[in-house]
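J.: the sequence isn't on hand, but the structure is:
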């Protein structure tokens, strides 16, 4: 029946109906697939169920072992490499960390640059949630003090070697390679008022961490 909207609208209506039908059919197939999985479990004998249980148990043990290894290497915390270190060892500590951990997120900051606090807040929240990544910070306040034994020797070397020019900067290191820098807040909407989940989403996009379900949007 022509409702007075012309053939174009009828065609669009038909296309929309087809799209809805395809989506409905896809949902039905997904549901049927899940039902089939449960049916297979019900039909499984004790031996098959025991194998499934053993496989799952082995996976859990492997995950626990990996998590323990991460924690031993300093994962799960947001650590300041320039705190309690001999200043000349900052660069060495950085490279040692890169050797031990597959993924690093390193915050180059100055205590006198108040915008760095936004990253301190977010990274402190993300570190315990993402043990797969090690989160570090390096104070570059004394970079100009390059006398022998001066406070800026190691930090200055890293700043120059890695091309860090903006404070704050987050450096992403993967497999011992400096992959990307977040300079300031350009990738976070240009604002310091971002949530930790927003930063996790951006870092996840660069492969710096594995996003959780609540960080996907």
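T.: All right, it came through fine. In this text the structure is predicted, and so the values were computed from the model without any measurement.

J.: okay, now the unreliable bits of this structure?
T.: Along the chain, segments meeting pLDDT under 70 span 1-27, 34-46, 48-49, 59, 64-66, 70, 84-88, 144-153, 217.

J.: quick one: the strands in it?
T.: For the chain, the strands defined by DSSP state E occupy 78-80, 103-109, 134-139, 169-174, 177-183.

J.: out of those, which comes closest to residue 163?
T.: strand 177-183 (7.7 Å; Cβ to Cβ). From N, CA and C alone the C-beta is placed, and that goes for glycine too.

J.: given the closest one, what are its sheet partners and their directions?
T.: strand 169-174 (antiparallel) (DSSP bridges).

J.: now the partner strand and strand 134-139, what's the angle there?
T.: Using axes from the mean of the first three to the mean of the last three Cα atoms, to 10 degrees, the inter-axis angle of strand 169-174 relative to strand 134-139 is 140 degrees.

J.: ok, residue 215 touching residue 204?
T.: Yes: counting by Cβ atoms under 8 Å, residue 215 touches residue 204, with 6.6 Å between them.

J.: which one's more surrounded, those two?
T.: More crowded of residue 215 and residue 204, by other Cβ atoms under 10 Å: residue 215, with 21 against 17.

J.: so who does the more buried one touch?
T.: Each residue near residue 215 by Cβ atoms under 8 Å, 6 or more residues apart in numbering is listed here: 197, 200-201, 204.
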